[in-house]
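Engineer: please work out how this folds:
(chains A, B, C and D)
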Number of protein chains: 2
Amino acid sequence: MELLGERWTVLVLRELAYGPRRFYELKEDIAGISANVLAQRLSELESRKLVRRAKLPPPASIQVYEATEWGLEVVPLIASLGRWAARSPWHDPARRRSHVSVIMSFQTLISAARAEGLRARIGFHFGDVSYVATINHGRLDVERGPTEDCDLEFRGAPNEVSAVVLRGARFETIEVKGDMELAKRFVTLFPLPPKIG
Amino acid sequence: MELLGERWTVLVLRELAYGPRRFYELKEDIAGISANVLAQRLSELESRKLVRRAKLPPPASIQVYEATEWGLEVVPLIASLGRWAARSPWHDPARRRSHVSVIMSFQTLISAARAEGLRARIGFHFGDVSYVATINHGRLDVERGPTEDCDLEFRGAPNEVSAVVLRGARFETIEVKGDMELAKRFVTLFPLPPKIG
DNA sequence: CCGTATCCAATAAGATACTG
DNA sequence: CAGTATCTTATTGGATACGG
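Structural biologist: Predicted coordinates:
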């Protein structure tokens, strides 16, 4: 609790799950956090060795925050807590979510059995951030980066893409291109865990 | 975070991991919590359906708090968070711990490889609370209850027992009785995860 | 863009006392 | 024993403004 117990701390760390981010990205993607609290949380995380400041190589040369190895090790637990918590009767999938949170839920919810034998590269575009997800041996491996050589691409706001992938919203509500047969199968790979009471 | 995010909430839920408890037990075992905060946390947990009030069957007929099924499902994640957090450079094993926390760390830290092929029943006495742990197929199954038919028994304060089992403190610092060869092997089954920095 | 400084408001917690 | 009521204090978070 001393490492992760204060308000916002877990959410900040989660945003660093797929690589370094800059201050204003974090501020924008963590709905409702204020600059001073974000600064404080980052410095606490830094002093606890869960996060470190890094400088991107030239020509970018900007300062970013990245999770340490140890910090990254707790990320799967955070993801599992998310899956558990989403079963709450009061969970609201319409709440605005960050792209990190959406991608993480894909990774957490994929059914190895349903993805059996499937191999595919799938790209996601959320505004100016993109991810490539590789399905392999029933797992979904994800990294941030350009969606080159993908069999299928989704583009839209995180919530909308999530609604299509997890909850069967119509493809027309976002932008889907590439192998549409794959798309139809892909959105069946994510069984939602049973709701409570 | 809305389900478990406030201060004390996780600690309260953890105390219910091995069965129902009464109010004053929780108050005594959660170091530093005050009665009003505990009452508030319990009622929040109840309204969120992680905990329910129950009445023990006669002749006890006392009121207790117990975790719901759903509440119990998050306990292994709490345990894993504990293992992760104990690697912190600032983790202090001398801090006073509850018997629940100690038992849970045994369950979490046992090495399946080292316990390979071992079968045993081991009892633990902490004041007036006792547990029986069964080693089987590399796992440690635990339940609260009388230590009947155990091959080995430990008795002492939670911290002291933990020091013996996890950190190789001398048997003489607590009370150990039964199969002493088993005892010597038992305390080798729990490799501590590597420290950070 | 990346924070820091300042201030104010809300709230949450601790201590204590008290009651069925 | 199992809480509730009350009070006081400490913390923290949100808003805003500002500077490198």
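
Engineer: what is the burial count for A:E143?
Structural biologist: By other Cβ atoms under 10 Å in any protein chain shown, 11 other residues sit near A:E143. Every C-beta, even on glycine, is put in place using the N, C-alpha and C of the backbone.

Engineer: angles on the backbone of it, please.
Structural biologist: A:E143 has phi and psi values of phi -140, psi 150 when expressed as degrees, to the nearest 10.

Engineer: quick check: A:E6 vs DNA strand D, distance?
Structural biologist: 5 Å (Cβ to the nearest atom of the strand, to the nearest Å).

Engineer: actually A:S130, sorry about that
Structural biologist: Taken as Cβ to the nearest atom of the strand, the span from A:S130 to DNA strand D is 27 Å.

Engineer: so which residues on chain A come close to DNA strand C?
Structural biologist: Taking Cβ under 7 Å from any atom of the strand, the part of chain A that reaches DNA strand C is made up of A:R22, A:F23, A:Y24, A:E25, A:A35, A:N36, A:A39, A:L42, A:S43, A:I62, A:Q63, A:Y65.

Engineer: need the worst-confidence member of those residues.
Structural biologist: Lowest in pLDDT among the residues of chain A next to DNA strand C is A:I62, which has 91.

Engineer: the domain parsing of chain A - what is it?
Structural biologist: A:9-73, A:79-186 (automatic domain parsing).

Engineer: out of these, nearest to B:W70?
Structural biologist: Among the domains of chain A, the nearest to B:W70 by Cβ to Cβ is domain A:79-186 (6.8 Å).

Engineer: show me what the longest helix seen in chain A is packed against.
Structural biologist: The residue-count maximum for a helix in chain A (DSSP state H) belongs to helix A:35-47. Applying 3 or more Cβ pairs under 8 Å, 6 or more residues apart in numbering or on different chains; DSSP states H and E, one finds that helix A:35-47 contacts helix A:9-15, helix A:23-29, strand A:51-55.

Engineer: again, 6 Å this time
Structural biologist: Contact partners of helix A:35-47 among helices and strands, from 3 or more Cβ pairs under 6 Å, 6 or more residues apart in numbering or on different chains; DSSP states H and E: none.

Engineer: pull out the buried positions in that helix.
Structural biologist: A:V37, A:L38, A:R41, A:L42, A:E44, A:L45 (16 or more other Cβ atoms under 10 Å in any protein chain shown).

Engineer: equivalent analysis for stretch A:162-170, please.
Structural biologist: Buried, per 16+ other Cβ under 10 Å, within stretch A:162-170: A:S162, A:A163, A:V164, A:V165, A:L166, A:A169.

Engineer: what's the helix or strand for the third one?
Structural biologist: It refers to A:V164. For A:V164, the host element (DSSP states H and E) is helix A:158-167.

Engineer: quick one: name whatever helix or strand follows that helix.
Structural biologist: Counting by DSSP H and E, what follows helix A:158-167 is strand A:175-178.

Engineer: so how far is that following strand off the chain centroid?
Structural biologist: A distance of 20 Å separates the centroid of the chain from that of strand A:175-178, by Cα atoms, centre = their mean, to the nearest Å.

Engineer: so in that sheet, which strands flank it, and in what orientation?
Structural biologist: Using DSSP bridges, strand A:175-178 pairs in its sheet with strand A:152-155 (antiparallel).

Engineer: mind putting the residues of chain A next to DNA strand C in TSV, distance to B:V142 included?
Structural biologist: Putting those into TSV (distance: Cβ to Cβ, whole Å) gives the following:
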residue	distance to B:V142
A:R22	46
A:F23	45
A:Y24	48
A:E25	44
A:A35	46
A:N36	45
A:A39	43
A:L42	39
A:S43	40
A:I62	50
A:Q63	47
A:Y65	40
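
Engineer: what's the most distant pair in those residues?
Structural biologist: A:N36 and A:I62 (21.0 Å).

Engineer: can you tell me the SS state at the residue nearest to A:Y131 when sequence neighbours are not counted?
Structural biologist: Of all residues not flanking A:Y131 in the chain, A:F124 sits nearest, at 4.6 Å (Cβ to Cβ, 6 or more residues apart in numbering or on different chains). Three-state call for A:F124 (DSSP: H, G, I helix; E, B strand; the rest coil): strand.

Engineer: pLDDT value on A:F124, please?
Structural biologist: For A:F124, pLDDT reads 98.

Engineer: which residues does it bridge with?
Structural biologist: A:Y131, A:F154.

Engineer: measure it to A:S162 for me?
Structural biologist: 10 Å (Cβ to Cβ, to the nearest Å).

Engineer: now do A:T108
Structural biologist: For A:T108 relative to A:S162 (Cβ to Cβ), the value is 12 Å.

Engineer: possible to save the buried residues of stretch A:162-170 as TSV with pLDDT and distance to B:V129?
Structural biologist: Output for the buried residues of stretch A:162-170, formatted as TSV (pLDDT from 0 to 100; distance: Cβ to Cβ, whole Å):
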residue	pLDDT	distance to B:V129
A:S162	98	45
A:A163	98	48
A:V164	98	51
A:V165	98	47
A:L166	98	43
A:A169	98	51
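
Engineer: of these, closest to chain B?
Structural biologist: Relative to chain B, the closest of the buried residues of stretch A:162-170 is A:S162; by Cβ to the nearest Cβ it sits at 18.5 Å.

Engineer: before we move on, which element is the closest residue to the closest one other than its chain neighbours in?
Structural biologist: The shortest distance from A:S162 to any non-neighbouring residue, by Cβ to Cβ, 6+ apart, is to A:V102 (4.6 Å). Using DSSP H and E, A:V102 falls within helix A:99-109.

Engineer: count of residues packed around the closest residue to A:E116 other than its chain neighbours?
Structural biologist: Among residues not flanking A:E116 along the chain, A:G138 sits closest, at 5.9 Å (Cβ to Cβ, 6+ apart). A:G138: 15 surrounding residues under other Cβ under 10 Å.
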